[in-house]
Structures are given as C-alpha cells and as structure tokens.
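Participant: Pasting a predicted model and its sequence here:
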Amino acid sequence: MRLSKFLSLSVAMSRNQAKFFIRKGRVSVGGNLVTDPNLELSDTSDIIFDGKRISIIPYNYILLHKPKSYVCVTRKSDYTSVLELLKSRSEDRYYHFANVLGADLTGMVLLSDNAHWTTRMRRKLQSKMCVYQVRLKQAFNEIQLNKISKAVLAHSKGKIGATIDIQKEDEKTILVTTNQAHTKEIMNTFSSMDLAIERFHLQKIGRLSLDNLSEGDYLELSESDMKI
C-alpha cells in the first residue's frame, strides 16, 4: 500500500491532503523522514504522523433493522437515534447514513463511519430497487388495490425512481417495489382512500434483505458484503 493511501485511511483526510502533509515532512517510516507519497509500505512498517504512531482502523459497515419511533440522526432529537441501538459503538467514531427512514417507518438502514462509502451508496440507491411492505389496519379489496396502484403510479409518473410494481401479499398487506423511496406520496394515497397504515416497512434494498434479523438488531458486515 502506498504511504498516501495509508495516511488517508488511518487519519481523517483526503488522499490529496495526505500527499501534501507527506511532502511537508510530517511523516516518518521506520524512524526515517519520508517525503514521497508513493512510497510502498510493508506489513511491518512503523508510521509516525506529527509525532504519533498511526495505524489503519477498520471501518464499520452496519445493516440495521430500525424500529418505529427511532430516527436516523447523529445529533440530539425529540426521538431516540438508531445509534443508541449499536451496543459496541465507540464515541470516537462518527457515523453516516446511506439511507434515512422517518420515525414512522421501520426496516433496513445502512450506515458506516466511512463517509466516502456512504456518499457513494446514496448515489447508487437512487437507481436500486427497494421493496416496502405496507401493512394496513383493515382489509382491502381488489377494487381498492387497483385504485391504489393507479393513484401511486400517477403520482410517480415522470419522476426519477418511479414506482414500478404493487402487489397484494395478503388481505391487509401490500408490497410496493420502487427504484427510490416515494413514501410521502404512497402514504398520502392510502390516507386519501381512508386506509390507515399500521406499518410501513423497508424490507429490501437491491440484493440486501433483512431476512430474519429481529427489530432493533443489526449486523456488522464487511464493505464487500454491503453490495446492493
């Protein structure tokens, strides 16, 4: 691994910033001052930056099953942050959300302390298929289902991430498959038909699924496992 890449991964900085600091003589390898950002490191290299020994701390990649009333925020809020569910969370790590669910929604949330990864993932999510399970408080019939389909499709027509499929799962549950979340339009459609929602649940994003993960639980995965 090149020295500039190692520095950017072990300290919160960009690759260009790492190259700048190396050329300024702020990094030593094995006790020797190094100004070449492209120096190839060995597995046993001892790296010092501004007088402190540094090492690469692996990033955390988390797939979490968000319960209702929790929110995807890092700051203080009237609701409890989903970060409180992370039992092994270090206060030294700052987490970023690849997707955000409102307090009334449940389901899959992807987050990491790797800001670059979450930024890339947010872009990818704009074109990936998401499956929402909408559980109603009362049963619906086929006529209502057809009206729901037409109304939701009309709202999303011409928009990026338009809803592409609506299917009946059981007499109270509808599966909505969309390229991107249009939850407000969908909720408004049900409300306009006097169909009260009991649960609005994101169960799948691309190839990632909650499977049997219990509400409030999470999985710590590798970056390669988080491919959608």
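Facilitator: Looks like it arrived, so ask away. Only a predicted model underlies this, so the values are computations on that prediction, with no experimental measurement involved.
Participant: residue ranges of the helices in this protein, please?
Facilitator: For the chain, the helices defined by DSSP state H cover 3-10, 15-23, 115-125, 142-156, 183-192.
Participant: what is the orientation angle of the third one with helix 3-10?
Facilitator: Between the axes of helix 115-125 and helix 3-10, defined by axes from the mean of the first three to the mean of the last three Cα atoms, to 10 degrees, the angle is 80 degrees.
Participant: Kindly provide the whole-number mean pLDDT of helix 115-125.
Facilitator: Mean pLDDT, computed over helix 115-125, is 90.
Participant: ditto for stretch 211-218
Facilitator: Here the average pLDDT along stretch 211-218 is 96.
Participant: go on, stretch 182-202?
Facilitator: Stretch 182-202 shows a mean pLDDT of 88 in the predicted model.
Participant: start at 365 instead
Facilitator: Noted, 365 is the first residue going forward, which turns the last one into stretch 546-566.
Participant: Just the buried positions in it, please.
Facilitator: Residues of stretch 546-566 classed as buried under the neighbour-count rule (16 or more other Cβ atoms under 10 Å) are 546-547, 549-551, 553-554, 559, 561, 563-566. Where you see a C-beta, it was placed from the backbone N, CA and C, and this is true even at glycine.
Participant: Taking those residues together, which two end up most distant?
Facilitator: Farthest apart among the buried residues of stretch 546-566 by Cβ to Cβ are 559 and 566. That separation is 19.2 Å.
Participant: Break the protein down into its domains, please.
Facilitator: 367-417, 425-489+573-590, 494-569 (automatic domain parsing).
Participant: Lowest average pLDDT across those domains?
Facilitator: domain 494-569 (a mean of 85).
Participant: these two touch, right, residue 565 and residue 496?
Facilitator: Yes: Residue 565 lies in contact with residue 496 (Cβ atoms under 8 Å); the separation is 6.5 Å.
Participant: which neighbours do the two share?
Facilitator: Listed contacts common to residue 565 and residue 496 are residue 471; contacts here mean Cβ atoms under 8 Å, 6 or more residues apart in numbering.
Participant: Just name the closest of the buried residues of stretch 546-566 to residue 479, please.
Facilitator: Checking the buried residues of stretch 546-566 one by one against residue 479 (Cβ to Cβ), the nearest turns out to be residue 566, at 22.4 Å.
Participant: Fine, thanks again, bye for now.
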